[in-house]
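Visitor: Give me a 3D structure for the following:
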Amino acid sequence: MLIERGSAEIGAVTIAEPAHGLDRPVVAGRRQAVLRVSQPGGTTDEVTLVAEGTETPSGEPPEPPGPAQPPRPAPAGQLVITPDPLDFGGSGPALVGIGPRIVQVRNTATVPIMVTAVGVLTGTRFTVGDFAVGKTTCTGITLAPDSSCSIEVSSTPQNPGQRNGVLAITTGDPAYSRLIALRSQAVQPVLQVNPGVVRMNRVATVTGQNFPPSRAVTLTLTTPGSKLLLNTVTKPDGKVSAALVVFPQTSAGTWPVIATVGGTSIRAQAPVLVVPGSYQPPGFTSRR
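Guide: Just a heads-up that it's a prediction; the model follows:
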């Protein structure tokens with residue numbers, strides 16, 4: 001054949017043998033041919049063409065793909081949760097319950113929605129016990145359009161600081177399932193040592209507040225060569241008070257007094273400076 005591009009004559013174009021089966025290999029394996037372009041002046045250019053054929057398991061040509069499935073229509077309406085998110089706030093110690101709070105669930109869809117489960121999510125990102133579901137009228141029911149049910153949720157922060165969780169409402173049709181953020185917090189306990197500078201063989205008073213009420217607490221003073229343990233119990237208002245004896249074998253220096261709530265990771269600490277005792281009688285200045 002003769003090909004023209006603009007005003008320049010290219011010449012004849014042929015595919016050298018084997019030419020069959022290159023555009024659509026009919027057998028498995030590598031297929032090869034040569035594209036030869038002959039110019040009017042006698043010059044010939046050649047280009048190698050390569051194709052690969054793959055055998056289907058059945059030996060038959062693969063079935064053409066079926067028509068694409070239309071996207072699933074978005075649900076009409078949804079479950080409306082009030083409040084969302086649920087924030088308990090909190091200004092008390094850890095391990096003190098907050099709540100319960102009531103979560104209202106209303107079906108704003110045009111179809112009934114089956115609620116199959118209600119619960120608090122668990123996992124490495126959450127602490128068991130921070131949130132819990134109490135009484136509920138939602139589990140195992142089918143909510144008719146514009147009808148409601150309720151969920152009772154409480155919080156018991158297991159540690160000081162911000163606590164986060166998720167309330168999961170699972171429905172028969174996953175398109176209507178909901179996740180609601182849960183938040184609460186507890187204050188950090190505080191510890192003080194008075195006096196902050198104490199001589200060996202003297203007594204210091206350790207006080208604290210914002211601890212979980214009526215819980216066992218261990219006070220620890222660790223120095224090189226000595227360790228003092230003192231067990232006590234917090235008061236119903238979360239306060240603690242104990243006398244700490246600094247024995248003569250206690251090393252001089254600044255050391256932490258640490259209060260740990262039994263069975264938990266809740267702790268607080270305060271420094272105390274231990275100084276050597278005086279073996280000389282105090283000096284007096286007389287006046288006449």
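
Visitor: going forward, measure contacts between C-alpha atoms and count neighbours the same way
Guide: Will do.

Visitor: Ignoring the adjacent residues along the chain, who's closest to residue 135?
Guide: residue 152 (5.3 Å; Cα to Cα, 6 or more residues apart in numbering).

Visitor: roughly how far apart are that neighbour and residue 218?
Guide: 36 Å (Cα to Cα, to the nearest Å).

Visitor: Ok, residue 276 next?
Guide: Distance from residue 276 to residue 218, by Cα to Cα: 26 Å.

Visitor: List the contacts of stretch 141-150.
Guide: Under the contact criterion Cα atoms under 8 Å, 6 or more residues apart in numbering, stretch 141-150 has outside partners 102-116, 136-138.

Visitor: for the chain, which residue is closest to the average position?
Guide: residue 125 (3.7 Å; Cα atoms, centre = their mean).

Visitor: first vs last residue of stretch 135-154, how far apart are they?
Guide: 10 Å.

Visitor: starting at the chain centroid, how far to that stretch?
Guide: Relative to its chain's centre, stretch 135-154 lies at 27 Å (Cα atoms, centre = their mean, to the nearest Å).

Visitor: same deal with stretch 214-224?
Guide: 32 Å.

Visitor: just stretch 81-92 next, same as before
Guide: Taking Cα atoms, centre = their mean, the mean C-alpha location of stretch 81-92 is offset from the chain mean by 19 Å.

Visitor: Tell me where the stretch 151-288 of the chain is predicted with low confidence.
Guide: 278-288 (pLDDT under 70).

Visitor: What segments of it are strands?
Guide: Ranges of strands in the stretch 151-288 of the chain, per DSSP state E, counting those that start in this stretch, are 161-171, 178-186, 190-194, 197-199, 202-209, 216-223, 226-233, 240-246, 253-261, 267-275.

Visitor: Save those strands as TSV, and put in distance to residue 67 and mean neighbour count too.
Guide: Listed next are those as TSV, based on distance: least, Cα to Cα, whole Å; neighbours: other Cα atoms under 10 Å:
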stretch	distance to residue 67	mean neighbour count
strand 161-171	30	19
strand 178-186	32	19
strand 190-194	68	19
strand 197-199	83	18
strand 202-209	69	17
strand 216-223	69	18
strand 226-233	72	14
strand 240-246	73	18
strand 253-261	65	18
strand 267-275	63	18
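
Visitor: could these go into JSON lines alongside distance to residue 82?
Guide: What follows is the strands of the stretch 151-288 of the chain, written out as JSON lines (distance: least, Cα to Cα, whole Å):
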{"stretch": "strand 161-171", "distance to residue 82": "12"}
{"stretch": "strand 178-186", "distance to residue 82": "10"}
{"stretch": "strand 190-194", "distance to residue 82": "36"}
{"stretch": "strand 197-199", "distance to residue 82": "54"}
{"stretch": "strand 202-209", "distance to residue 82": "35"}
{"stretch": "strand 216-223", "distance to residue 82": "39"}
{"stretch": "strand 226-233", "distance to residue 82": "40"}
{"stretch": "strand 240-246", "distance to residue 82": "40"}
{"stretch": "strand 253-261", "distance to residue 82": "36"}
{"stretch": "strand 267-275", "distance to residue 82": "36"}
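
Visitor: show me the contacts for residue 160.
Guide: 93-94, 185-189, 266.

Visitor: Please report how far it lies from residue 223.
Guide: With Cα to Cα as the criterion, residue 160 and residue 223 are 27 Å apart.

Visitor: Residue 196 too?
Guide: For residue 196 relative to residue 223 (Cα to Cα), the value is 16 Å.
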